[in-house]
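> Next comes the sequence, and after it the predicted model I'd like to discuss.
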Amino acid sequence: MDGLQVCRKIREADLPNPPYLIILTARDKKADIVKGLNAGANDYISKPYDNNELRARISVGSRMLELQTKLIEAKDALTHEAMHDPLTGALNRRAILAGLEKELKRSRRKASRLTIGLCDIDHFKRVNDTYGHLAGDEVLRRFTQAIQGNLRAYDLLGRYGGEEFLVIAPDSTQSYEKQLYERLRECIADTRTPTDSGEVGITVSIGVAGLDSGTSVDTLLAAADTALYKAKRHGRNQVWYASADMRNDLK
C-alpha cells in the first residue's frame, strides 16, 4: 500500500482513539496535498523537509492527541455516569432494561439459554429504621459487591429500584443456573456489613424466570416478579422459580 491507502485503511477502522497521521512525501502539488488530506491525513509535509518543521508539526500532533484523549475520557465518564447507579455502582434501571432487551434478542438469534433473577432485600425498611439511612446505603453497596463477585464477567447486574436488583445470566447452562441463584442467596445470607450503628446482616429473596420463544422483556419481568412474590410469601430468604419446568430443571 502507498501512504494514501494506509491513511484510508486506518480511518476505515473507526478506532475509538484514532492516531494523528502526517504524510511525508515528495509530492508537493496542491492536488496531491488535497488527496492526502481527503484520504484521512491530519497534516502533510513535502520533501525535502526541515527537521525543525517536522518536530514542530509532530509537537502539534501530540497536543491534539492529548486533547482528543481528554475529550474521550470525559465522554466515557459521562456515559458511565448516565448508565450506573451513583450509590451502588451497578447499572441503573434504564441501562439494565436496555441490557435485557439486547440479551433477549441475542438469545433468540443464537437459540441460547437466558435467565433473570429479580432480587429483593428482605425487610430492608427495617434496616433503615433500626440502623439509619447511612447504614442502609452501606448495606446496599455491600450487597452489590457480594452479588457482583459471584457473577461471570458477562453476566449483568442492575439496580431495578430501591432495594430490588436484577441479575441477567445470558449464554448459560443448566448446571450454571442451578448453582447461581442459590449461591447468590447463600452469599448474601453470609454477608455482614459493618456500620457505625453496628454490624448488619440481611437476606434476599429471588424470583427466577427463563427465556422461551414467546418471551418479551415485560412478560419475562412479570414472571420473575410473580416468582419473587411467592418467595417472599413463603418465608423469604429463598429462590423461587417462575414455572414448574424451571424448578425441575434448575433445583
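Structure's in. What do you need?

> alpha carbons only for contacts and neighbour counts from here, please
OK.

> quick check: domain ranges of the chain?
The chain breaks down into these structural domains: 3-83, 93-250 (assignment by automatic domain parsing).

> Quick check: which of those has the most neighbours on average?
Of the domains of the chain, the one with the most neighbours on average (mean count of other CA atoms under 10 Å) is domain 93-250, at a mean of 18.

> Please state the mean pLDDT value computed over it.
Mean per-residue pLDDT for domain 93-250: 92.

> in the stretch 51-200 of the chain, which spans are helices?
With DSSP state H, counting those that start in this stretch as the criterion, the stretch 51-200 of the chain has helices at 51-83, 93-110, 124-131, 133-148, 174-190.

> Go through these and name the closest to L166.
helix 93-110 (7.5 Å; CA to CA).

> Stretch 11-23: how far from the chain's middle?
A distance of 26 Å separates the centroid of the chain from that of stretch 11-23, by CA atoms, centre = their mean, to the nearest Å.

> Next, format the helices of the stretch 51-200 of the chain as a markdown table and append distance to G162.
As requested, the helices of the stretch 51-200 of the chain are exported to a markdown table (distance: least, CA to CA, whole Å):
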| stretch | distance to G162 |
| --- | --- |
| helix 51-83 | 16 |
| helix 93-110 | 10 |
| helix 124-131 | 9 |
| helix 133-148 | 9 |
| helix 174-190 | 17 |
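
> Please identify the one among the ones you listed that comes closest to A31.
When the helices of the stretch 51-200 of the chain are compared (using CA to CA), the closest one is helix 51-83, at 20.9 Å.

> Okay, angle between the closest one and helix 93-110 too, please.
Comparing the axes of helix 51-83 and helix 93-110 via axes from the mean of the first three to the mean of the last three CA atoms, to 10 degrees yields an angle of 100 degrees.

> And helix 51-83, what does it pack against?
Helices and strands touching helix 51-83, as assessed by 3 or more CA pairs under 8 Å, 6 or more residues apart in numbering; DSSP states H and E, are absent.

> quick check, distance from it to the centre of its chain.
The gap between where helix 51-83 is centred and where its chain is centred comes out at 25 Å by CA atoms, centre = their mean.

> same question for that helix, mean pLDDT?
Per-residue scores along helix 51-83 average to 94.

> What of stretch 24-32?
Throughout stretch 24-32, pLDDT has a mean value of 83.
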